[in-house]
Structures are given as structure tokens and as C-alpha cells.
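Peer 1: okay, here's the prediction I keep looking at, along with the sequence it came from:
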Amino acid sequence: TQYGVAKAALSHLTRYLATDLNPKVRVNAIAVGSTSTSALETVLTMPEIRDAMIAATPLRFIGEPEDIAAGVLYLASPAARYVTGKVFEIDGGTESSTLDIPIPDF
């Protein structure tokens with residue numbers, strides 16, 4: 001799928017740039033899961049889809065923008081000075097599970 005290709009490209013580009021730009025620049029990426037933003041506003045008003053998304057997320061809730069921001073702040077902080085070439089999945093555990101998440105077709 002296009003989604004899978006884009007996800008693989010993000011991972012590869014992150015690793016490539018981390019190798020190419022080191023040691024002066026650290027390169028990491030963040031892959032987000034379902035997050036309560038305007039992009040999902042319509043979907044989250046549909047109880048059957050929203051409930052299925054929550055059920056398919058191991059932590060059993062839809063993330064908030066603050067959850068993503070916390071990851072960004074970590075990567076920008078001195079605490080992450082030894083981290084490069086990584087894709088951080090901030091997704092409530094969906095990437096590490098084998099559960100299917102319904103993606104609505106609009």
C-alpha cells in the first residue's frame with residue numbers, strides 16, 4: 001500500500017540521513033498513531049470507528065497532541081544526545097502489536 005511504502009521510506013531516509021550527516025547532526029523521526037487532531041475530527045465523531053480504533057490500540061485511548069510533543073521534546077533535549085537514526089513510534093503500542101486498525105475510506 002501507499003501507506004506502507006511511505007512508512008518504509010521514512011525509516012530508510014531517517015537512517016540514511018543519520019549516517020550521512022553525523023556527527024554534527026542527529027536525525028530521528030516520529031511516527032504517530034491515531035491522535036486527536038483536526039485530521040481525525042470527523043472520524044472521532046463516528047462511535048463505531050472511534051471505538052474500533054481505541055480497541056485496536058493496546059493502551060486503549062486515542063493520543064493527544066501533547067503525547068506527540070513529549071516525544072519531540074525528548075528528542076530535542078540533552079537526554080537524547082546519543083540517539084540518532086531512529087523512528088520513534090508514539091502510537092499507543094499499535095506498531096508493536098499485530099492488531100488491525102480500521103482505516104475509514106472517505
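Peer 2: Okay, I see it.
Peer 1: ok, Ser77 to Thr14 distance?
Peer 2: Going from Ser77 to Thr14 by Cβ to Cβ, to the nearest Å gives 18 Å. Where you see a C-beta, it was placed from the backbone N, CA and C, and this is true even at glycine.
Peer 1: more neighbours, these two?
Peer 2: Neighbours per residue, other Cβ atoms under 10 Å: of Ser77 and Thr14, the larger number sits with Thr14, 20 against 9.
Peer 1: and the pLDDT at Pro78?
Peer 2: Here the pLDDT value assigned to Pro78 is 98.
Peer 1: for it, phi and psi?
Peer 2: phi -60, psi -20 (degrees, to the nearest 10).
Peer 1: show me which residues of the helix or strand encompassing Asp20 are buried.
Peer 2: Taking DSSP states H and E as the criterion, Asp20 maps to helix 2-21. Neighbour counts over helix 2-21 (16 or more other Cβ atoms under 10 Å) mark 14-15, 17-18 as buried.
Peer 1: same check on stretch 36-43?
Peer 2: For stretch 36-43, by 16+ other Cβ under 10 Å, it's 36, 40, 43.
Peer 1: I figured the second one hits Met46, correct?
Peer 2: This points to Leu40. No: in this structure, Leu40 is not within contact of Met46 by Cβ atoms under 8 Å, at 10.2 Å.
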